[in-house]
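Novice: mind looking at a prediction? Sequence and model below.
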Amino acid sequence: MNSDLDALDPTLVQEQLSRLPFVSISGVINVRDLGLLPSHLYPNLTTKPRLLYRSAELAGITEEGKEQLRALGISQVFDLRSDPEIQKYNTPLPVIDGVEVHHVPVFKTEDYSPETMAKRYALYASGKTEVCSIACSPQAAYIHARCKAFMELYSQILDHGGPPFGAILRHVRDRPTEGCLFHCTAGKDRTGVIAAILLKLAGVDNEAIARDYELTRIGREPARAMIIERLSKEPLFAANSEAALNMFTCRHETMIAFLGMLDSKYGGVEEYVKRIRRTQ
């Protein structure tokens, strides 16, 4: 089995989780502050701390966690999960005094038919290595080839994500002093895409964005057993544990490939955001 699919050293995980960019919210995993990342567009400036947070689902947040969330200055939460996803795992949106929780699904209910779900899970699990169809340099083509399955999934996220991503972008534009948190189920793919968009707009370079994406491997590790148990109930993964574990991967080259696709297929982050504005 590939080393990046193996369980991580618990001591290493706890050490990493105890310091920034990771943030502690009781009952929630994979919480990170997207602040203090340097911008190449604005020399000597960094992204603002205590403004944008990403995480996994909040359904298990404790009362202590709600206090911690408010103490971070978070006034808005954006939940990117679908209704069937919430129902399937019995993970409803929490009620948090003083915080508005918005349900803004990337994929609408009709996109979660059994056939479509199976296709999406297959994309995660396939590990396909076909030659990339996107015109790019030989090095980028190699990266894209390894990440083909994820690029198909992330392209679907971009194509469906206009309304929820627009809501998050408008919050940042209209309430620049109010913290917000956005999440999906594990805080990796849908969350990773909008995090990359926000950081790219702020001028954070691709390498730093990819490093943030990689951190989900550590942030999600405390829920490893729960996630594997969930996946084991999916027919596609029941007899293929390595395919299930492939969903854990948060490889640097996957995010680099995504950012390349954002440029080559969607005209770059600014053009993608303009497209969102035109459709809303």
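Specialist: Great, that's in hand.

Novice: show the contacting residues for the residue lying closest to residue 39 once chain neighbours are set aside.
Specialist: Excluding its sequence neighbours, the residue lying closest to residue 39 (Cβ to Cβ, 6 or more residues apart in numbering) is residue 203, at 3.6 Å. Any C-beta I mention is one placed from the backbone N, CA and C, and that applies to glycine too. Contacts for residue 203 were tallied using Cβ atoms under 8 Å, 6 or more residues apart in numbering; they are 39-42.

Novice: and stretch 81-92, what's buried?
Specialist: Within stretch 81-92, the residues scored as buried using 16 or more other Cβ atoms under 10 Å are 81-82, 84-86, 91.

Novice: quick one: contacts for residue 29?
Specialist: Taking Cβ under 8 Å, 6+ apart, one finds 55-56, 187, 219-220, 222-223 in contact with residue 29.

Novice: can you list these in CSV and add secondary structure and neighbour count?
Specialist: Output for those, formatted as CSV (DSSP: H, G, I helix; E, B strand; the rest coil; neighbours: other Cβ atoms under 10 Å):
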residue, secondary structure, neighbour count
55, strand, 23
56, coil, 24
187, coil, 25
219, helix, 26
220, coil, 22
222, helix, 15
223, helix, 18
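
Novice: minimum pLDDT in these, which residue is that?
Specialist: Minimum pLDDT for the contacts of residue 29 is recorded at residue 223 (89).

Novice: make sure residue 65 is actually in contact with residue 28.
Specialist: Yes - counting by Cβ atoms under 8 Å, residue 65 touches residue 28, with 5.9 Å between them.

Novice: tell me which of these two has more neighbours.
Specialist: residue 28 (24 against 19; other Cβ atoms under 10 Å).

Novice: any weak-confidence spans in the stretch 51-200 of the chain?
Specialist: 110-146 (pLDDT under 70).

Novice: what about stretch 40-56, distance to the chain center?
Specialist: 16 Å (Cα atoms, centre = their mean, to the nearest Å).

Novice: my bad, should have said stretch 165-172
Specialist: For stretch 165-172, the distance to the chain centre is 15 Å (Cα atoms, centre = their mean).

Novice: again, but for stretch 177-194
Specialist: 6 Å.

Novice: also stretch 65-78?
Specialist: 19 Å.

Novice: same thing with stretch 86-104?
Specialist: 17 Å.

Novice: quote the end-to-end distance of it.
Specialist: Using Cα to Cα, to the nearest Å, the end-to-end distance of stretch 86-104 comes to 12 Å.

Novice: next one: stretch 157-164
Specialist: First residue to last in stretch 157-164 (Cα to Cα) measures 11 Å.

Novice: got the buried residues for that stretch?
Specialist: Buried residues in stretch 157-164 (16+ other Cβ under 10 Å): 157-158, 160-162, 164.

Novice: now stretch 8-23
Specialist: Buried, per 16+ other Cβ under 10 Å, within stretch 8-23: 13, 16-17, 21-23.

Novice: could you grab the helix/strand/coil label for residue 101?
Specialist: strand (DSSP: H, G, I helix; E, B strand; the rest coil).

Novice: what is the closest residue in space to it that isn't next to it in sequence paired to in the beta sheet?
Specialist: In this structure, residue 101 finds its nearest non-sequential neighbour in residue 77, 4.6 Å apart by Cβ to Cβ, 6+ apart. Using DSSP bridges, the bridge partners assigned to residue 77 are residue 101, residue 181.

Novice: and residue 77, what does it touch?
Specialist: 58, 96, 99-102, 180-183.
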